[in-house]
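>>> Task: produce atomic coordinates for the following.
(2 chains)
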Amino acid sequence: MQLYLPIAEVSVNAFLILGLGGIVGFLSGMFGVGGGFLITPLLFFIGVPPAVAVATGANQVVASSISGVLAQLRRKGVDFTMGTVLLIGGVIGSAIGVWIFAWMTRQGQIDLFVQLSYVIFLGLIGAMMFQESLRSLLRNRKSGGTTVRRAHVHSWAHGLPFKIKFRASGLYISVIPPLLIGVAVGILSAVMGVGGGFILVPAMIYLLGMPTKVVIGTSLFQIIFVTAFTTVMHAVTSQTVDIMLALLLILGGVVGAQIGTQVGVRLKAEQLRILLSLLVLAVSIRIAFDLLLTPSELYSVAGVLP
Amino acid sequence: MIRALALCLALALPAAAQEVIVAGLSQNRVSITADFDGSEILIYGAVKRDAPPPEGAPLEVIVTVEGPSTAVDVRRKGRVAGIWVNTASVRIDSAPSFYAVATTGPLRHILSDTDNLRYGISVDRVIRAIGIAAEADGSGEFVKALMRVRTREGRYRLLEGKVELTEDTLFRTDIILPSNLTEGEYKVRLFLLRDKRVIATQDRVIGVRKEGLERFLYNLAQERPLIYGFLSLVLAAVAGWGASAAFRLLRP
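Numbering: from 1, shown residues only, chains lettered A, B, ... in the order given. Here you go, the predicted model:
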């Protein structure tokens, strides 16, 4: 069934978009990532203009994150205190990121900058997660499958002031590290046009030492607000949110997110992390190939808005 | 300037010529609705004469359909330190979003270079790229690349031999408008030629407009962007909550 999108101004197959939303929603529910780093390149691929793809992708991430966070809420997987601290940092970072984005656009190399950020950050985080989760998977296998989890790791972070009790995470740490992580994620999400879950999830696990159980819900909680902010910003500044495209992506996405959450619960934390790291690595390698291989068409055409 | 000159000539020509075009379109407006998947326009016409057709060179017909034009940036990638980067960029002042040329025969056999230049018939004569030579080396390549890319997207079409001409009087052609159509006025031009020279012209316009839900959403996004943005969020929230609630009912 063909459907003409009023803002993107292309005709697309409605079922293809539903399926696309479903796959991304599934991953989103399973891993607690918004899926922005997948949906945007996929929309480019089917011919949606890049600006519309980025803005509409953000809108779809809002829906799948809400769906996911409600599912997590029922199993008490959201640390609201931590989420709020991350969000405050995220808004500050996002403002800085928007400024960097505008500056890079003036320099005329924003495409390259975005692609390089994807390769570097997805590559680094994917490789780190893969190595760590593979090691802990092997260790668990040797020790007969029981998870050895240190309840408390003392690090430099514990010496900092402004300590807060994060009850749901079972942490008593300074607000400074999560605030800084929020800022960093905010910058990256504004520059790369994603929610930032793929950075937030490992940062919460490895840098803050939060239990995996609350990481996904808390990440989704923060992503809802960041992407909602992005959606409205895009709608107001560039009129690039396609509500028709978003509706199709969302319908597929919310169903996918629910199924993904159910599957995610059944997998072990290490397995979940290894799968997410492989996915992140695959996207990174794919974009790296685009930069390294000789393109079949050296020229590209971009319409100039009047 | 060239356009104005061409217009003067076009206006002056039919009066002097013995042969005049009488043209019609199967529809002079195209509505883009939710199920829009391209549209086929029939362009037909007849040649009106005061005297018997002249001997010698046969009659040829060219029909062009031109969508609204915008400026475009054409970028070229180059290899810098092992990775492919946009290294050169050229701004082309005006390029049509859609352009189709339908003819009765091979374009270069029926149309002279002078008349092609004068009337702006083939797509390379329609693209306006003045002063790009200063912007980058080999700027002609950028215009060729633009035509190549848009031809592959189905936006530029050369339909040689697709105009049917019956008894040197009646002609017709079908032009398919693609599904990735932009809104605006689509200019239809018809040319009669003899001996590679244009002897009569005629202009028509097809209005392409979004209708119904498409129109409503587009206007809302343009005129009330904040409301539109919040509407998108409400939609996302309702769908997200709805799916969560539905699945809770399914799995007690």
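
>>> Please count neighbours and contacts with C-alpha atoms only from this point.
OK.

>>> Which stretches in the stretch 51-200 of chain B count as helices?
Assignment of helices within the stretch 51-200 of chain B using DSSP state H, counting those that start in this stretch yields the ranges B:107-110, B:113-119, B:123-126, B:139-152.

>>> Would you mind saying which of the ones you listed lies nearest chain A?
Taking Cα to the nearest Cα, helix B:139-152 is the member of these nearest to chain A, at 6.3 Å.

>>> Dump that closest one to CSV, restricted to CA.
The C-alpha atoms that make up helix B:139-152 are tabulated as CSV, following Å, rounded to 0.1, in the frame of the first residue of the first chain:
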residue,chain,number,x,y,z
SER,B,139,32.5,22.8,-13.2
GLY,B,140,30.8,21.4,-16.3
GLU,B,141,31.2,18.0,-14.7
PHE,B,142,28.9,19.2,-11.9
VAL,B,143,26.1,20.1,-14.2
LYS,B,144,26.5,16.7,-15.9
ALA,B,145,26.5,15.0,-12.5
LEU,B,146,23.3,16.8,-11.6
MET,B,147,21.6,15.6,-14.8
ARG,B,148,22.9,12.0,-14.2
VAL,B,149,21.7,11.9,-10.6
ARG,B,150,18.3,13.3,-11.4
THR,B,151,17.8,11.1,-14.4
ARG,B,152,18.5,8.1,-12.2
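
>>> Hmm, A:I100 and A:V191 touching each other?
Yes - contact status for A:V191 versus A:I100: in contact at 7.3 Å, counting by Cα atoms under 8 Å.

>>> Between those two, point out the one with more neighbours.
A:V191 (23 against 17; other Cα atoms under 10 Å in any protein chain shown).

>>> List the residues that contact A:T240.
Counting by Cα atoms under 8 Å, 6 or more residues apart in numbering or on different chains, A:T240 touches A:7-8, A:51-52, A:55-56, A:234.

>>> residues near the closest residue to B:D35 other than its chain neighbours, how many?
Nearest residue to B:D35, sequence neighbours excluded (Cα to Cα, 6 or more residues apart in numbering or on different chains): A:L3, at 5.0 Å. Neighbour count for A:L3, taken as other Cα under 10 Å: 19.

>>> Double-check B:V188 against B:P68; I have them as touching.
No - if you go by Cα under 8 Å, B:V188 and B:P68 don't touch, sitting 11.6 Å apart.

>>> who has more neighbours, those two?
A direct count of neighbours by other Cα under 10 Å for B:V188 and B:P68 places B:V188 higher, at 20 against 16.

>>> hey, what's that one bridged with?
Each beta-bridge partner of B:V188 is listed here, defined by DSSP bridges: B:V65, B:R204.

>>> residues contacting it?
So B:V188 contacts B:63-66, B:203-206 (Cα under 8 Å, 6+ apart).

>>> The residues you listed into JSON lines, with extra columns for distance to B:L107, neighbour count and pLDDT?
JSON lines is the format used below for the contacts of B:V188 (distance: Cα to Cα, whole Å; neighbours: other Cα atoms under 10 Å in any protein chain shown; pLDDT from 0 to 100):
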{"residue": "B:V63", "distance to B:L107": "11", "neighbour count": "27", "pLDDT": "93"}
{"residue": "B:T64", "distance to B:L107": "12", "neighbour count": "23", "pLDDT": "94"}
{"residue": "B:V65", "distance to B:L107": "15", "neighbour count": "24", "pLDDT": "94"}
{"residue": "B:E66", "distance to B:L107": "17", "neighbour count": "22", "pLDDT": "93"}
{"residue": "B:D203", "distance to B:L107": "20", "neighbour count": "15", "pLDDT": "91"}
{"residue": "B:R204", "distance to B:L107": "21", "neighbour count": "15", "pLDDT": "91"}
{"residue": "B:V205", "distance to B:L107": "23", "neighbour count": "16", "pLDDT": "92"}
{"residue": "B:I206", "distance to B:L107": "24", "neighbour count": "19", "pLDDT": "92"}
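
>>> from those, which is closest to chain A?
Comparing every one of the contacts of B:V188 with chain A (Cα to the nearest Cα), the shortest separation belongs to B:E66, at 16.6 Å.

>>> Which residue, other than its chain neighbours, is closest to the closest one?
Counting by Cα to Cα, 6+ apart, the residue nearest B:E66 is B:Y99, at 4.6 Å.

>>> What pLDDT does the model give the one you found?
Per-residue confidence (pLDDT) for B:Y99: 94.

>>> Also B:T104?
92.

>>> Contacts only, for the closest residue to it other than its chain neighbours.
If you skip the residues right next to it in sequence, B:T104 has B:G161 as its closest partner in space, 4.2 Å away by Cα to Cα, 6+ apart. B:G161 makes contact with B:102-106 under the criterion Cα under 8 Å, 6+ apart.

>>> Which PyMOL command selects the buried ones in those residues?
The command below creates a PyMOL selection of those among the contacts of B:G161 that count as buried (16 or more other Cα atoms under 10 Å in any protein chain shown):
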select buried, chain B and resi 102+103+104+105
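
>>> The contacts of A:T240 also near chain B: which ones?
The subset of the contacts of A:T240 within reach of chain B, by Cα under 8 Å from any Cα of the partner chain, is A:I7.

>>> near chain B, which residues of the stretch 1-150 of chain A?
Listed as neighbours of chain B in the stretch 1-150 of chain A under the rule Cα under 8 Å from any Cα: A:2-7, A:9-11, A:59-60, A:62-68, A:70-71, A:109, A:112.
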